[in-house]
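# Quick one: sequence plus predicted model below, questions after.
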Amino acid sequence: MKLLRLLCTILLTISSSLSYAGGDDIAGTPSVADYPIQPDCDNHSIDYTRIPATYVDYEKTEGPYRVNGKSFTIFLKMKRIACSSDPFDKNVEYLEIRDETGEVHYSESNPINIMNPLYISIDAYALEGERGEGLVLSYWEWPSGPGHGHDVKLFTTYEGRLVELSGKINVIRGIHDSLKKGSNPSSVRLFDGDTLAYKIHNNYFTITIPLKVPLNTSGRVVPVKWEGIFEIEAHGYPITEETCAKLYTHHDASSPSKAVIFGPQTKIQYIHAYTKIDSEEFTITIDKNRAGFSMDIRIFDTWLKVKIDDIEGWVKGKKHFEAIGLPMFG
């Protein structure tokens, strides 16, 4: 115990460090019914396991979708591995969004690299909001690592044209975790105040950052606030031995602090987070690999408010996050 108290005293003099990262769900699993029937699959005349694989080209349409009184249909040129029964072995090579007159309002291309394929599926949803309507493209990339591969891109109409409100926004668990269900299966709805729930994982817990979606304008999606208190999702591990963490009275390293000793019988609550959003990092840049834009949101100076038994305070940094049962998870 004396050694532990000594270590906790030393802990008070050590500055905390911060790690942060960007932060997905499969929004609309591809259906095998999307595949055109190929007669040569019955006699297995094509070896679809070889690299490069044999591909089959086909086309499909989705819609129409009503957006503020205008009708839009999505035309897709697809490529899939011949004879494969895997619903993810297909790629959207080219996409166009056309109005009822046939005019193209938006297009993008995603040509596949047959030697190192990355498959992209795209689903579309009508977007409902308090101040108007829009359209959402939901992307799924395969193969992809944890926390990546699922994105959404938002559109609305302005002066009769379909306009992009955002670049691709990464959604941790998919579109239905970042938007509410709409009035029908092919629609989604913004949260109160026409916001999207953007979730970013900082290696220890998930922070929800509301993004303002300016329907019926030519504006861009931006955070509702650039710093402050945000809701979190945190799933801690049981404390197995006596340890300690430094708790501050405020989310400020200059505020009073104390070392709190606790152990396996301790009850820990994760309340909410304080963080800042780097406005210079909130950028919309052209993605050189594909048509369109990419959106990047980064956070810094992230604190977590916790309650250890009956003591509340703020913690920050790897050592203290891990001490309260939140080990780093990439």
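Perfect, I can see it now. Numbers count the residues shown, from 1 in each chain.
# Poorly predicted segments of the stretch 201-330 of the chain, please.
Counting by pLDDT under 70, the stretch 201-330 of the chain has low-confidence residues at 279-295, 330.
# Would you mind naming the helix or strand containing Ile207?
strand 206-212 (DSSP states H and E).
# Pull the distance from that strand to the chain's centre.
With C-alpha atoms, centre = their mean, to the nearest Å as the basis, strand 206-212 stands 10 Å off its chain's centre.
# ditto for stretch 188-200
Put simply, stretch 188-200 sits 12 Å off its chain's centre (C-alpha atoms, centre = their mean).
# tell me the mean pLDDT over that stretch?
On average, the pLDDT along stretch 188-200 is 93.
# now the end-to-end length of it.
Criterion C-alpha to C-alpha, to the nearest Å; first-to-last residue distance in stretch 188-200 is 21 Å.
# Ok, stretch 124-142 next?
18 Å.
# And the strands in the stretch 51-200 of the chain?
Ranges of strands in the stretch 51-200 of the chain, per DSSP state E, counting those that start in this stretch, are 55-67, 70-81, 90-99, 104-109, 119-128, 133-142, 150-158, 161-164, 169-170, 180-181, 187-189, 195-201.
# sorry, back to before: by contact count, what packs against the strand holding Ile207?
strand 195-201, strand 222-223, strand 227-230, strand 232-233, strand 268-277, strand 299-308 (3 or more C-beta pairs under 8 Å, 6 or more residues apart in numbering; DSSP states H and E). Backbone N, C-alpha and C define where each C-beta goes, glycine included.
# Those: which one's closest to Val152?
Distance to Val152, taken as C-beta to C-beta, is lowest for strand 195-201 among the helices and strands packed on strand 206-212, at 7.9 Å.
# hmm, who's touching that closest one?
21-23, 147, 152, 154, 169, 171-173, 177-179, 190-191, 206-213, 221, 223-224, 233, 297, 299, 329 (C-beta atoms under 8 Å, 6 or more residues apart in numbering).
# still on that earlier bit, so can I have CSV of the helices and strands packed on strand 206-212 showing mean neighbour count?
Formatted as CSV, the helices and strands packed on strand 206-212 follow (neighbours: other C-beta atoms under 10 Å):
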stretch, mean neighbour count
strand 195-201, 21
strand 222-223, 18
strand 227-230, 16
strand 232-233, 16
strand 268-277, 18
strand 299-308, 20
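# Indicate which one of these is closest to Leu118.
Judging these by C-beta to C-beta, what sits closest to Leu118 is strand 195-201, at 22.2 Å.
# could you give the angle of the closest one to strand 268-277?
110 degrees (axes from the mean of the first three to the mean of the last three C-alpha atoms, to 10 degrees).
# how far is strand 195-201 from where the chain is centred?
Taking C-alpha atoms, centre = their mean, one finds strand 195-201 lying 7 Å from the centre of the chain it belongs to.
# could you give the angle of it to strand 299-308?
With the same axes, to 10 degrees defining the directions, strand 195-201 sits at 80 degrees from strand 299-308.
# tell me the angle strand 195-201 makes with strand 119-128.
For strand 195-201 against strand 119-128, the angle by the same axes, to 10 degrees is 140 degrees.
# And for Lys249, the neighbour number?
One correction, residue 249 is Thr, not Lys. 12 (other C-beta atoms under 10 Å).
# shouldn't it be in contact with Lys305?
No. Assessed by C-beta atoms under 8 Å, Thr249 is found out of contact with Lys305, at 10.7 Å.
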